[in-house]
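Q: okay, structure incoming, though there's no sequence with it:
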């Protein structure tokens, strides 16, 4: 009997090796997989952390005394080719020479080509000096501008304007704030015209 | 050994072996693993939208003005699809990347077709993990297509129809049924759930095949029940479609041509925080699609 069970398990072994949900590396979007054609914040973070040495050299050269070195942030846009554009460095109170150095380090980054829209990112550069010495912290968060998915189950013409989509979203899905109680108008007051319908919602959800 | 344990082991072994069994079909796609495949495509969609239950919020905004632009719209999208096998998984399934290039489109609201800007679709790709039978195990990249202004509505069928699940065997006399489910993760909060029920019959191969092709007609239905579970946009989409098509495989079992027609009747209802109905729209969608292999 035990041989029978063993045989059954051996027959199922290739599938068992796969695991019920598969390995993380079996995901189509596993970082580095050929089927992962879109850049996500985890991959961006990996590139930035790998470049910390280049950023560190700038700080060591131009902000060794740590004056204002805590308010530095790198902002850039990753093109589809994976190259950075629109590079800007906020240097706070640091020496002005730090900015071009960090911009050059940012320009040398390579995120790899991807199929997504250009991605705007912002990354804080935290320079610390402690008992372990001087270094740039591997900051755990890369800030990206979210592009929300709007009304994904409703088929909409592609030429609708952003304002029209927001209006649909407001009407169909976003709960409006509760109506404010109105004070009753005086009996002798002239009739008020009805308010004009808003052409565009005031804010995104 | 207790009989129950033996039975449990047997069931577990059968369950985990199902993917391997599914791969042992007599009819499979041959997707080249060392070459880029190219297809030309055309998709013509007619969409009519009407309000069934207007949300009370519609009175505050110019809802009718926007609805007028959605009432009846026809689009025609053409272009090319490039397909490449990115990886082969240990269970024999393929990780395929399908990319849209040279996409052009026009839009018609009854006053004649006008060019439609579809730059947002150019170069976008979808990754699909499929068995050689065409069974879609997983897909990734929908988030970059889905939602207003991103163009998924124009092209989503092209991806799924390029790997339409094949019947178990080539139909010769009578029909061969094929029923399957398809799950498309548009967003972490939204999955489109489609149940296809098709019957394949033998068809006459097109003349350009010189008799070496396998041609199959199919007809059937698609049922959809999808939920958007995002707390800010609770939505339920229910729909039914009639589908017909002709699928032609070349002698080497590569996709040669696929023509299809789908007629959807969809009902979309949005809900308030407490689960009550907020508004309901109905959409009738007719899709005529064509995919043809290049260079063959």
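A: Arrived safely, thanks for sending. All of these numbers come straight from a predicted model, not from anything done at the bench.
Q: when you work out contacts or count neighbours from here on, use the C-alpha atoms and nothing else.
A: Fine.
Q: how about residue B:100, what does it touch?
A: B:79-82, B:121-125 (Cα atoms under 8 Å, 6 or more residues apart in numbering or on different chains).
Q: so what's it scoring on pLDDT?
A: At residue B:100, the predicted lDDT confidence score is 97.
Q: residue in chain A with the shortest distance to chain B?
A: Taking Cα to the nearest Cα as the measure, the point where chain A comes nearest chain B is residue A:152, at 4.0 Å.
Q: secondary structure element for residue B:4?
A: Assessed by DSSP states H and E, residue B:4 sits inside helix B:3-22.
Q: before we move on, what about residue B:295?
A: Going by DSSP H and E, residue B:295 is not in any helix or strand.
Q: I'd like to know how many residues surround it.
A: Using other Cα atoms under 10 Å in any protein chain shown, residue B:295 has 8 other residues around it.
Q: count of neighbours near the residue of the stretch 51-200 of chain B found nearest chain A?
A: Nearest to chain A in the stretch 51-200 of chain B, going by Cα to the nearest Cα, is residue B:147, at a distance of 4.0 Å. Residue B:147 has 24 neighbours, counted by other Cα under 10 Å.
Q: so what's the residue nearest to it when sequence neighbours are not counted up against?
A: Residue nearest to residue B:147 in three dimensions, not counting chain neighbours: residue A:152, with 4.0 Å by Cα to Cα, 6 or more residues apart in numbering or on different chains. Residues in contact with residue A:152 (Cα under 8 Å, 6+ apart) are B:146-148, B:186, B:190, B:228.
Q: closest one of those to residue B:93?
A: residue B:186 (21.7 Å; Cα to Cα).
Q: now that closest one: how far from residue A:36?
A: 16 Å (Cα to Cα, to the nearest Å).
Q: cool, residue B:270 as well?
A: Taken as Cα to Cα, the span from residue B:270 to residue A:36 is 33 Å.
Q: swap in residue B:87?
A: 11 Å.
Q: same deal with residue B:103?
A: 22 Å.
Q: neighbour-wise, which of those two wins?
A: residue A:36 (23 against 19).
Q: just the pLDDT for the closest residue to that one other than its chain neighbours.
A: In space, residue A:36 comes closest to residue A:29 once its chain neighbours are excluded; the distance is 4.4 Å by Cα to Cα, 6+ apart. pLDDT, residue A:29: 89.
Q: quick one, what contacts residue A:29?
A: A:35-38, B:140.
Q: could you redo the last one with a cut-off of 10 Å?
A: Going by Cα atoms under 10 Å, 6 or more residues apart in numbering or on different chains, residue A:29 touches A:35-40, B:127, B:139-141.
Q: lowest-confidence one in these?
A: For those, the pLDDT minimum is residue A:40, 88.
Q: okay, now that one: neighbour count?
A: 15.
Q: kindly report the same for residue A:31.
A: For residue A:31, using other Cα under 10 Å, the count is 17.
Q: quick one: contacts for it?
A: With contacts defined as Cα under 10 Å, 6+ apart, residue A:31 is in contact with A:24-25, A:37-40, A:42-43.
Q: do you know how far it is from residue A:41?
A: When residue A:31 is compared with residue A:41 (using Cα to Cα), they lie 11 Å apart.
Q: same question, residue B:111
A: 44 Å.
Q: who's more crowded, these two?
A: Taking other Cα under 10 Å, residue B:111 and residue A:41 do not tie; residue A:41 has more neighbours (14 against 7).
Q: show me the contacts for that one.
A: A:47, A:119, A:121, A:141-144.
Q: now with 7 Å, please.
A: residue A:142 (Cα atoms under 7 Å, 6 or more residues apart in numbering or on different chains).
Q: backbone dihedrals for it, please?
A: Here is the backbone geometry of residue A:41 (degrees, to the nearest 10): phi -60, psi -30.
Q: one more: residue B:67?
A: Per-residue torsions, residue B:67: phi -60, psi -40 (degrees, to the nearest 10).
Q: now swap in residue B:108 and tell me
A: According to degrees, to the nearest 10, residue B:108 has phi -130, psi 120.
Q: count of neighbours near it?
A: By the criterion of other Cα under 10 Å, residue B:108 has 16 neighbours.
Q: host element of the closest residue to it other than its chain neighbours?
A: Among residues not flanking residue B:108 along the chain, residue B:74 sits closest, at 5.0 Å (Cα to Cα, 6+ apart). For residue B:74, the host element (DSSP H and E) is strand B:72-88.
Q: mean confidence score for that strand?
A: Per-residue scores along strand B:72-88 average to 97.
Q: whichever of the contacts of residue B:100 end up buried, select them in ChimeraX.
A: Under the burial definition 16 or more other Cα atoms under 10 Å in any protein chain shown, those of the contacts of residue B:100 that qualify are selected in ChimeraX by:
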select /B:79,80,81,82,121,122,123,124,125
